[in-house]
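1. Sharing a model that was predicted from the sequence below.
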Amino acid sequence: MSLYGSFPGARPRRLRTTPAMRRMVAETRLLPDDLILPAFVREGIGEPVPISAMPGVVQHTRDTLRKAAVEAREAGVAGIMLFGVPEDAKKDALGTAGTDPDGILQVAIRDVRSEVGDELVIMSDLCLDEYTDHGHCGVLDAAGRVDNDATLERYAEMAQVQADAGVHMVGPSGMMDGQVGVVRDALDTIGKEDVSILAYTAKYSSAFYGPFREAVGSSLSGDRKTYQQNPANVRESLRELALDLDEGADVVMVKPAGPYLDVLAKVAEAVDVPVAAYQISGEYAMVEAAAEKGWIDRDQAILETLTGIKRAGADMILTYWATEVARGL
C-alpha cells in the first residue's frame, strides 16, 4: 500500500471548515418562530418582582407584561404562554379566581390581546394550582385526594372564561384524565371552535419544577405524583398521546424537555400534529447558575440546549430565553 493510500478518502471534517460551511450543512435550524415565551403576571404589584431562582425572569405587572409581549412580537417569537398569580387572599379550595372573568389571568389575556392582536399567539395555562389554597392542580375530595371528574368541571369553566377573554390557545396542564375532551366540548359549546388546545400530553413529575413554584407563588405541600407521570415510563406517554389525539388535541407537548428528549423523539415520530416541548424553570436555572459560576459559556449552552430539543422533534419550544434568543437569531 502506498503512503498516500493510507490516508482517509472520506473526510467529514471538510464540511466543518468554516462557520459559513457549518451553517450551510446544518441539519437542524433554530428560528425565532420556533419559540414561545412563558410569562407570569401577578396581581396587586406596582413593579416587576424578580424570581430569585430564575435570574432575569420576573413576575410582571399588567403594564410590564404588555411591554414583554410587544418585545416578543418584535423579536419574531411565535407565542406567549401566560400564567396568572393571584393575591394570596383570593386563593381558595376551588380556585375560584381561575374562573373569575376579572381574575388576573383573564385580565392579562385581554391586555395582551389588545396590545398585539393576532400578531402573537396568545396562550394560557389552564390549571388550578395557582389559584388553590392547597396548591394542587384540581379539586380535592373528602380524603384530600385530587378528584379527577370534579376537576374537569372546573377546567371546562376555565376554558370558557379564557376563551371569552380572547386567548388563541389554551393549555390544560393538570394531567387529569379526559381533560382535553372536556375542554374541547366546553369551548365548542360557547361557539369558540377556533380556540385551539395545546395538550400537556406527557407532563412528568419532575424535580426540575422547583423554581416555577416560586414563580407562581405555589401553596403546594406534598407532591403531584398521583396525576403527573412517572419519570420511569415511556409507553405511558404514548398511551396519553393516543388519548389526547382522540379527544381533539391540536398540539401535543412533552414537559420537561431536556431530561425527556427520548420521549419527545418518540412522540414526534408517532404523530402528524405539531409537537411542543417546554424547557422548564429548573432547566433554565441550571444553565444560569453554572454560567454565573463561570463553569460554562452561557450563550453557547442556551443555543445547544434549544437545538437539541428541536433536533429531537419539537416544532415549537417554550423557553424563558425566547425573546433573547430570537433577537440573537
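-> Cool, the structure landed. Residues are numbered from 1 along each chain as shown.
2. where does the stretch 201-329 of the chain have low pLDDT?
-> For the stretch 201-329 of the chain, the stretches flagged by pLDDT under 70 are 214, 216-222.
3. 80 - rerun?
-> The model of the stretch 201-329 of the chain has pLDDT under 80 over residues 210, 212-225, 227.
4. What are the boundaries of the helices in it?
-> 210-215, 235-247, 261-270, 281-292, 298-311, 322-328 (DSSP state H, counting those that start in this stretch).
5. now the first one, how far from the chain's geometric center?
-> Helix 210-215 sits 14 Å away from the centroid of its parent chain (CA atoms, centre = their mean, to the nearest Å).
6. can you tell which of the helices of the stretch 201-329 of the chain is closest to R16?
-> helix 298-311 (15.8 Å; CB to CB). Quick note: C-beta positions are derived from backbone N, CA and C, even for glycine.
7. That closest one - contacts with which helices or strands?
-> When contacts are defined as 3 or more CB pairs under 8 Å, 6 or more residues apart in numbering; DSSP states H and E, helix 298-311 sits against helix 261-270, helix 281-292, strand 316-318, helix 322-328.
8. What are the contacting residues of it?
-> 27-28, 30, 34-35, 257-258, 261, 264, 277, 279, 283, 287-288, 290-291, 317, 319, 321, 324-325, 328 (CB atoms under 8 Å, 6 or more residues apart in numbering).
9. Could you export it as CSV, CA atoms only?
-> Written as CSV, here are the backbone C-alpha positions of helix 298-311 (Å, rounded to 0.1, in the frame of the first residue of the first chain):
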residue,chain,number,x,y,z
ARG,A,298,-23.9,30.8,28.8
ASP,A,299,-24.9,31.8,25.3
GLN,A,300,-23.5,28.6,23.7
ALA,A,301,-25.2,26.4,26.3
ILE,A,302,-28.6,28.1,25.7
LEU,A,303,-28.4,27.5,22.0
GLU,A,304,-27.1,24.0,22.4
THR,A,305,-30.0,23.0,24.7
LEU,A,306,-32.6,24.5,22.4
THR,A,307,-31.0,23.0,19.3
GLY,A,308,-31.1,19.6,21.0
ILE,A,309,-34.7,20.0,21.8
LYS,A,310,-35.6,20.9,18.2
ARG,A,311,-33.4,18.1,16.9
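10. Just the buried positions in it, please.
-> A301, I302, L303, T305, L306, G308, I309, K310 (16 or more other CB atoms under 10 Å).
11. quick one: that helix to chain centroid distance?
-> On CA atoms, centre = their mean, the centre of helix 298-311 falls 16 Å from that of its chain.
12. With stretch 313-329 instead?
-> With CA atoms, centre = their mean, you get 11 Å for stretch 313-329.
13. show me what contacts D147?
-> G138, V139, L140, D141 are the contacts of D147 under CB under 8 Å, 6+ apart.
14. give me that answer again for 6 Å
-> Counting by CB atoms under 6 Å, 6 or more residues apart in numbering, D147 makes contact with V139, D141.
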